[in-house]
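*Asks:* Whatever this is, show me its structure:
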Amino acid sequence: MIYLRHFGLREAPFSITPDASYFFPHEGAQAAFNTLLVALRSGEGFLKIVGEVGCGKTVLCRRVLRELQPDCVTAYIPNPDLGPKDLMHALSGELGLKMPASASRHRLLDGLQRCLLAHAAEGRPVVVCIDEAQAMPLRTIETLRLLSNLETEKRKLLQLVLFGQPELDRKLARIEIRQLLQRISFCEYLGPMALAHVPDYLRHRLGIAASDARTDLDLFEAPAAQAIARASAGVPRVVNMLAHKSLMLAFGEDRHRVTVDHVRLSVPDTAGAQLESTWWDRLLGARRRDSAGGTSTRATRSPVGDKRGSKP
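*Replies:* I've put the predicted structure just below:
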């Protein structure tokens, strides 16, 4: 990113690539995270997280896997648009089980069971997270039911977590796979964050990406942060896109703070973003009144290397 040094950043703070280190624990995300950890550590076999597009399901998934890894064997299936055998091969590969491509479903299931029993004997639970689960064909979902049958007298050999968009609920409601739906013990919904949390979200990501303690974490002026919140409706992916484009515009003007005008220019070019004309009109009216009263809401340009909390 060409603006990193300009703003005192070590890496791009608003990349849309899911990164567990940027997990932001707003109410919905923290509730889902806590539910998953408690349920998985209690030995629950089947769990489900449903969320809208761009609300952070993959970041949550990776954050959970990172938290579990010291104590569990974990597997991650990012693209489950696979047939039953392909899914079992993918799972075998994730668990380090080498199986020939020609192996039958019966042989694959038997190999997985032996692998899981070996982990159970060592006291290591196996957790499998399946992302974008709404893309799974019905036949593949039925295979998950077979995998969930693998158990000892005392516990499940495999714990499965499905992450998907709302279409997943409609697919699981199909009568052909109703047995699987009954096995899901815990569900959580992951929606957009509250608009009031967006300024903290921006500072959170800037703090992680900061190159050192001199980085200004208040790069987004308060009206700009509010505009991003309104335009994004609190959807993290849209927040990231707006923040990134606004930083680009500020950099292009050699500014060290993002103003509401930078955000306004970013909105039309950002899918999923919309800034209501009434909100913008109210803001312009307030700025005109402030200007008429002799005060200015225009950002004061900060010098390069401005420290956190220092006055420009």
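*Asks:* wait, what's in contact with the nearest residue to Ala39 once chain neighbours are set aside?
*Replies:* Excluding its sequence neighbours, the residue lying closest to Ala39 (C-beta to C-beta, 6 or more residues apart in numbering) is Phe186, at 4.6 Å. Backbone N, C-alpha and C define where each C-beta goes, glycine included. Shown in contact with Phe186 (C-beta atoms under 8 Å, 6 or more residues apart in numbering): 35-36, 39, 44, 47-48.
*Asks:* For PyMOL, write a command that selects the buried ones of those.
*Replies:* To isolate the buried subset of the contacts of Phe186 in PyMOL, counting by 16 or more other C-beta atoms under 10 Å, use the following:
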select buried, resi 35+36+39+44+47+48
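*Asks:* could you measure the residue sitting nearest the centre point of the chain against Val263, distance?
*Replies:* Most central in the chain under C-alpha atoms, centre = their mean is Gly56, positioned 2.2 Å from the mean C-alpha point. Distance of Gly56 to Val263, given as C-beta to C-beta, to the nearest Å: 21 Å.
*Asks:* do Ala233 as well
*Replies:* Ala233 is 14 Å from Val263, by C-beta to C-beta.
*Asks:* More neighbours: which of the two?
*Replies:* Using other C-beta atoms under 10 Å, the more surrounded residue of Ala233 and Val263 is Val263, with 30 against 18.
*Asks:* what about the residue lying closest to the more buried one once chain neighbours are set aside, neighbour count?
*Replies:* With C-beta to C-beta, 6+ apart as the criterion, Val263 has its nearest non-adjacent residue at 4.2 Å, and that residue is Ala227. Ala227 has 29 neighbouring residues, counting by other C-beta under 10 Å.
*Asks:* Ala227 and Glu276 touch, don't they?
*Replies:* No - in this structure, Ala227 is not within contact of Glu276 by C-beta atoms under 8 Å, at 10.5 Å.
*Asks:* got a list of what Leu91 touches?
*Replies:* Leu91 neighbours (C-beta under 8 Å, 6+ apart): 75, 77, 112, 128, 147.
*Asks:* got the contact list for the closest residue in space to Ala20 that isn't next to it in sequence?
*Replies:* Closest residue to Ala20 apart from its sequence neighbours, by C-beta to C-beta, 6+ apart: Arg62 at 3.9 Å. By C-beta under 8 Å, 6+ apart, the residues touching Arg62 are 18-20, 76.
*Asks:* Return the distance of Gly191 relative to Ala103.
*Replies:* For Gly191, the distance to Ala103 - C-beta to C-beta - is 41 Å.
*Asks:* before we move on, what about Leu9?
*Replies:* Counting by C-beta to C-beta - Leu9 and Ala103 are separated by 48 Å.
*Asks:* Give me the more crowded residue out of those two.
*Replies:* Neighbour tally, Leu9 and Ala103, criterion other C-beta under 10 Å: the higher count belongs to Leu9, 21 against 16.
*Asks:* show me what contacts the more buried one?
*Replies:* By C-beta under 8 Å, 6+ apart, the residues touching Leu9 are 1, 3, 206, 209-211, 215.
*Asks:* switch the cut-off to 6 Å
*Replies:* Counting by C-beta atoms under 6 Å, 6 or more residues apart in numbering, Leu9 makes contact with 209, 211.
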